[in-house]
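[1] what's the 3D shape of this:
(2 chains)
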Amino acid sequence: MSVLDMLKPDDAEIRRAALRETDPRYAAEFEPFTKGPFVALVILTAVGLATVPLTLWRLIAKKQS
Amino acid sequence: MLYDAIVIGSGISGGMAAKALVDAGLQVAMVDPARDSKLRDRIPDKPFRELRRTDAEQRSYLIGDHLEGIPAAGVKVGAQLTPPRQHISRGADELLPSQSETFFPLLPVSLGGLGAGWGAACFTFDAAELERMGLDGADLSPYYQKAADLAGISADAASDANGHLWQGVGRHQPPLRIDTNAESILARHQGDPSRLSQRGMTLGRIPMAILSEDLDGIRKANPYFDTDFYGSVRKSIYRPSYLLETLPSDRFTLLGGRLALRFEDKGDEVLVHCRNIETGGFENHRARKVVLCAGALNSARLALHSLGLNGVKTPILCNPYTYMPTVNLAMLGREARDDRHSMAQLGGVLQHDDGDGVYGCYQMYSYRSLLLFKLMKEMPLPPALGLLVARTLQTSLAIFGIFFADQQTETKFLEVLPASVGGMPVVKFDYRQTDSEMARQRRHEDRFAAGLRSLRCFPIGKVDPGKAGSIHYAGTIPFENPFDKRFHANPDFTLAGMRNVYLGDGAPWNFLPAKGLSFTLMANALRVADRLVAAS
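    Predicted coordinates for the structure are as follows:
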């Protein structure tokens, strides 16, 4: 298992997401982003960059818990 | 009552066999564990996106009343079944007991068997493949057309994929429309077909048992609502139960809620010993002939037990299966049309690297009406970021699932154990690919991934759902059995040692081609039924 696998959402988080996704009041939160390939690449790049500090933060948080 | 024939199993093979036998004027009964003949579809007849935005009841059919659609572990066999389809194998662990550390098949106990949840892709096997399986291709050929007429097939007569996948079936419905994602991939391929052909690959629309036009008063054209994973949308996708519903009650009896345990060939009749699942009581049913269509794994269990061959090993064939989620760059960040069917949009083959025949067969799905939380679960990201990525990638996700051919080896087998549960013998499975098989598969997966990249579909992972993950099982009572010469199928499809028991499913096949087997199972069952009628 890679270090990244340790960061996958736990079952409770996934359950919360599933319940929210199947509630029509929140349907808009799960619509696809279709603002074009440039915006998509910006989002993916930003997420990639944000992953580094988030990974460290979650690893530390998991160890402390 | 003494029936002319009892069909054991209601799946892809059993449905066709029963239809042919009834049409020939025989009195037919079907023994099947299914207790309820009706699927209880709860999804409204509306487009998926509209339901997502408006239906307060959507949770019941999207993830289930008990949230059973939220996976607790990684991807495994049967993961593609949504809650409305999970009844297919519910209770199977008790009714069809098995042991294994290497092979975890999906064993059905519902009406229609695995056909109640199949993917609907239809392919014909070529002469070389049929010969290797032990089947007479010339004899089988007309039954492909008959199966197409009964199931209702939509196909593109001009598809680039037809050369290896669809031959000799001239009568079918017009092709289904494909979705935006598939259109962009197909356009890229058609711009320069050599990208794939130089890698031994083909790509095109594939024949599907999904109606593009109304078939009769009962089954209607697919409305492109994208709800096919969650319900029997206007019955547009063929399910064996639809065929059974058309059989006349004066000639066809469904003995539902009965688990066939074993059979005895008395010479002039066959006794089928069953357990009534409701009452727990045992009962016998009599017929002049029996057609075993319990699915290859269970047909072998019943046949071995009936012949008293507990402890005898027999082969298993099962297509190794891998799928690769890819990002189709042409669709990244772009809008996709809502109207689509949910099943495979495109498909093709991967030839052997020595150019000799087909080694892999693949299908392409878009990730549209499956829910995003399942994607988030697989991402090594906090939920908020996982959702962001899932929403960004959703319209561009193209999932390619590839099946590989399988052959007999001494490392893939099943045997019946002395133990039993409720009279049903426990079966033990062991399925291990040899090192050379795994190396060959990896080599072809790499070539396949390169082909996908040439289409600008970039793999972001490779998923192995387990060694039974294809849900394609065959070859357990083969014409030529390398483990034990006593246990085999005769050339006339009867079980060796029991001349009144016919093998109507894929159990007799010596080899399993890469292409999906369901359509050939249908055609073969029609042929076996004709053989039985001729011998009656």
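
[2] quick one, strands of the stretch 301-450 of chain B?
    B:314-315, B:317-318, B:321-328, B:346-351, B:358-366, B:397-404, B:406-407, B:412-421, B:424-431 (DSSP state E, counting those that start in this stretch).

[3] report the closest residue of the stretch 1-150 of chain B relative to chain A.
    residue B:59 (4.1 Å; C-beta to the nearest C-beta). For every residue, glycine as well, the C-beta is placed using N, CA and C.

[4] at the geometric centre of chain B, which residue do we find?
    Nearest to the mean C-alpha position of chain B, by C-alpha atoms, centre = their mean, lies residue B:118 at 4.7 Å.

[5] is it true that that one touches residue B:12?
    Yes: applying C-beta atoms under 8 Å as the test, residue B:118 and residue B:12 come out as touching, 7.1 Å apart.

[6] quick one: residues contacting the residue nearest to the residue of the stretch 1-150 of chain B closest to chain A when sequence neighbours are not counted.
    The shortest distance from residue B:59 to any residue other than its chain neighbours is 4.1 Å, reached at residue A:22 (C-beta to C-beta, 6 or more residues apart in numbering or on different chains). The contact partners of residue A:22, by C-beta atoms under 8 Å, 6 or more residues apart in numbering or on different chains, come to B:58, B:59, B:62, B:63, B:371.

[7] just those residues: which are in helices?
    Using DSSP state H, the members of the contacts of residue A:22 that fall in helices are B:58, B:59, B:62.

[8] and which of these is nearest to residue B:460?
    Relative to residue B:460, the closest of these is residue B:62; by C-beta to C-beta it sits at 24.4 Å.

[9] how far away is the closest one from residue B:325?
    Going from residue B:62 to residue B:325 by C-beta to C-beta, to the nearest Å gives 20 Å.

[10] between these two, tell me which one has more neighbours.
    A direct count of neighbours by other C-beta atoms under 10 Å in any protein chain shown for residue B:62 and residue B:325 places residue B:62 higher, at 25 against 21.

[11] same list, the ones in helices among the contacts of residue A:22, but as TSV with pLDDT please.
    Shown next, in TSV, are those (pLDDT from 0 to 100):
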residue	pLDDT
B:58	94
B:59	92
B:62	90
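
[12] and the angle for the longest helix anywhere in chain B with strand B:397-404?
    Longest helix in chain B, counting residues (DSSP H): helix B:435-454. Put simply, helix B:435-454 runs at 150 degrees to strand B:397-404, going by axes from the mean of the first three to the mean of the last three C-alpha atoms, to 10 degrees.

[13] what comes up buried for helix B:435-454?
    Buried residues in helix B:435-454, defined by neighbour count with 16 or more other C-beta atoms under 10 Å in any protein chain shown: B:437, B:440, B:441, B:444, B:445, B:447, B:448, B:449, B:451, B:452, B:454.

[14] ok, and which of those reach chain A?
    With C-beta under 8 Å from any C-beta of the partner chain as the criterion, the buried residues of helix B:435-454 include none near chain A.

[15] how much space separates residue B:51 from residue B:391?
    18 Å.

[16] between the two, tell me which one has more neighbours.
    Legend: neighbour count by other C-beta under 10 Å for residue B:51 and residue B:391, higher for residue B:51 (23 against 19).

[17] residues of the stretch 201-350 of chain B that sit close to chain A?
    So far as C-beta under 8 Å from any C-beta goes, the stretch 201-350 of chain B lies against chain A at B:329, B:332, B:333, B:334, B:335, B:336.

[18] let me know the closest of the residues you listed to chain A.
    Once C-beta to the nearest C-beta is applied, the member of these that ends up nearest chain A is residue B:333, at 3.2 Å.

[19] returning to that earlier point: the residue of the stretch 1-150 of chain B closest to chain A touches residue A:21, doesn't it?
    No: look at residue B:59 against residue A:21 with C-beta under 8 Å: they stay out of range, at 9.2 Å.

[20] tell me which of the two has more neighbours.
    Taking other C-beta under 10 Å, residue B:59 and residue A:21 do not tie; residue A:21 has more neighbours (22 against 19).

[21] the host helix or strand of residue A:63 to strand B:321-328, inter-axis angle?
    Here residue A:63, judged by DSSP states H and E, is contained in helix A:37-64. Going by the same axes, to 10 degrees, helix A:37-64 is angled at 120 degrees with respect to strand B:321-328.

[22] tell me which strands and helices helix A:37-64 is in contact with?
    Here helix A:37-64 touches helix B:383-393, going by 3 or more C-beta pairs under 8 Å, 6 or more residues apart in numbering or on different chains; DSSP states H and E.

[23] what mean pLDDT does the helix it packs on have?
    For helix B:383-393, mean pLDDT is 93.

[24] which residues sit against that helix?
    A:9, A:13-14, A:16-17, A:29-33, A:40, A:43-44, A:47, A:50-51, A:54, B:327, B:332-333, B:372, B:375-376, B:379, B:381.
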